[in-house]
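Visitor: please find the sequence and the predicted model below.
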Amino acid sequence: MSNNLLANKKGIIFGALDDKSIAWKIAERCVAEGAAITLTNAPVALRFGKIQELGEKLNAQIIPADVTSQEDLDNLFSQSMDILGGKVDFVLHSVGMSLNVRKKRAYTDIKYDWMQKTFDISAISFHRMMQTMYKMDAINDWGSIVGLTYIAAQRTFPDYSEMAESKSLLESFARSFGYHFGVSKKVRVNTISQSPTITTAGSGVKGFDVFFDYADKMSPLGNASSEDCAAYCVSLFSDLTRMVTMQNLYHDGGFSQMGMNPAVLDSI
Ligand SMILES: NC(=O)c1ccc[n+]([C@@H]2O[C@H](COP(=O)([O-])OP(=O)(O)OC[C@H]3O[C@@H](n4cnc5c(N)ncnc54)[C@H](O)[C@@H]3O)[C@@H](O)[C@H]2O)c1
């Protein structure tokens, strides 16, 4: 079902790898709601992922960019403006990767050069992306920028490791840059704190399946799906949420407000 909420809007979607990716569902929903978009991912993901399939389906051009490369981001925004015919109205940052998690290093035995790379990819890239847009004047007034995050930024989830600090940093960048973009361009910046979702990045976290079920039981509405996340994202890109900025918005079926749920105790 489409309500044409993004008619005449142009956007860039970072992070669609395969059809499990949250960004994949968001890209589909944005186009269904009338937007024109470009897609981007790391050059290596273009070789191993399925983004070409999505590009063909949505009639969206794909521009490779490693989010840690300034040159790639400059190229991404200038090419996107050429392709889409002007400045963009919305951008989704759906990028995350932890080297220490991927290489199964314990949190108490972190390799710091890997940690710095993790922060660069998963958090500093959000600032870099916004700074690039800011300097290039690549986003229209009243535009909207969204990053995806997780509640491990506020609470301890031991197996999430250094991604917890990455997400804290990401959310802080949303507030700080939200101020600068707000006063200069009326552009809003928010993060969506999404339920556990079965994707390539999500499943890389140890014990993810068990935790997915725990969160599903704990949340009065159950876990929010990628499709639900896409719908929420569209609302944030639309003109219906123009005064919402610098927020970390929980999209988790109520998980973040729960203390105890008997449904969880029953299964112990
Ligand atoms: N899956 C979950 O449970 C969950 C929950 C809350 C938040 N999130 C967040 O949602 C976002 C999307 O993750 P996902 O779960 O859809 O998994 P995903 O693996 O499909 O997406 C992660 C993306 O990051 C991209 N990426 C990694 N390194 C990159 C680089 N150097 N340059 C450019 N792109 C790079 C990957 O290619 C991939 O497309 C992430 O920020 C993740 O932390 C996920």
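Guide: Everything's here; your move. Residues are numbered from 1 along each chain as shown.
Visitor: state the distance from whatever residue of the stretch 151-268 of the chain ends up closest to the ligand to Phe208.
Guide: For the stretch 151-268 of the chain and the ligand, the shortest gap (C-beta to the nearest ligand atom) falls at Gly202, measuring 2.7 Å. Yep, even glycine has a C-beta here, placed from its N, CA and C like the rest. Using C-beta to C-beta, to the nearest Å, Gly202 is found at 6 Å from Phe208.
Visitor: got any residues that touch both of the two?
Guide: Pro196 (C-beta atoms under 8 Å, 6 or more residues apart in numbering).
Visitor: this structure: strands as residue ranges?
Guide: 10-14, 36-41, 61-64, 88-93, 139-149, 188-194, 248-251 (DSSP state E).
Visitor: neighbours around Leu5, how many?
Guide: 19 (other C-beta atoms under 10 Å).
Visitor: residue contacts, it?
Guide: So Leu5 contacts 33-34, 234-235, 237-240 (C-beta under 8 Å, 6+ apart).
Visitor: name the nearest residue to Phe181, sequence neighbours excluded.
Guide: Val187 (4.0 Å; C-beta to C-beta, 6 or more residues apart in numbering).
Visitor: that neighbour against Trp142, yeah?
Guide: Yes. Between Val187 and Trp142 a contact is recorded at 7.0 Å, counting by C-beta atoms under 8 Å.
Visitor: between these two, which one's more packed in?
Guide: Val187 (25 against 12).
Visitor: gap between that one and Ser125?
Guide: To Ser125, Val187 is 18 Å away according to C-beta to C-beta.
Visitor: also Ala201?
Guide: Taking C-beta to C-beta, one finds Ala201 at 14 Å from Ser125.
Visitor: so for these two, which residue has more residues nearby?
Guide: Ser125 (26 against 23).
Visitor: next up, the contacts around the residue lying closest to that one once chain neighbours are set aside.
Guide: Leaving aside its sequence neighbours, Ser125 sits nearest to Val67 (C-beta to C-beta, 6+ apart; 3.6 Å). By C-beta under 8 Å, 6+ apart, Val67 lies in contact with 14, 42, 73, 95, 121, 125, 128-129.
Visitor: pLDDT score for Val67?
Guide: For Val67, the model assigns a pLDDT of 98.
Visitor: quick check: it vs the ligand, distance?
Guide: Separation of Val67 from the ligand (C-beta to the nearest ligand atom, to the nearest Å) stands at 4 Å.
Visitor: let me see the contact set for the nearest residue to Gly15 once chain neighbours are set aside.
Guide: Closest residue in space to Gly15, ignoring its immediate chain neighbours: Ser94 at 3.3 Å, by C-beta to C-beta, 6+ apart. By C-beta under 8 Å, 6+ apart, the contact set of Ser94 is 13-16, 21-23, 26, 147-148.
Visitor: buried ones in stretch 232-244?
Guide: Neighbour-count burial for stretch 232-244, counted by 16 or more other C-beta atoms under 10 Å, picks out 232-234, 236-238, 241.
Visitor: what comes into contact with that stretch?
Guide: Residues contacting stretch 232-244 (C-beta under 8 Å, 6+ apart): 5-6, 9, 11, 26, 29-30, 33, 35, 89-90, 92, 142, 144, 146, 186, 188, 190, 192, 224, 249, 251.
Visitor: mind checking how far Arg188 is from Leu236?
Guide: Taken as C-beta to C-beta, the span from Arg188 to Leu236 is 8 Å.
Visitor: on that earlier part again, ok, and which of the contacts of Ser94 reach the ligand?
Guide: Residues of the contacts of Ser94 in contact with the ligand (C-beta under 6 Å from any ligand atom): 15, 21-23, 148.
Visitor: ok, which pair from those residues is furthest apart?
Guide: Greatest spacing in the ones next to the ligand among the contacts of Ser94, by C-beta to C-beta: Ser21 and Leu148 (10.4 Å).
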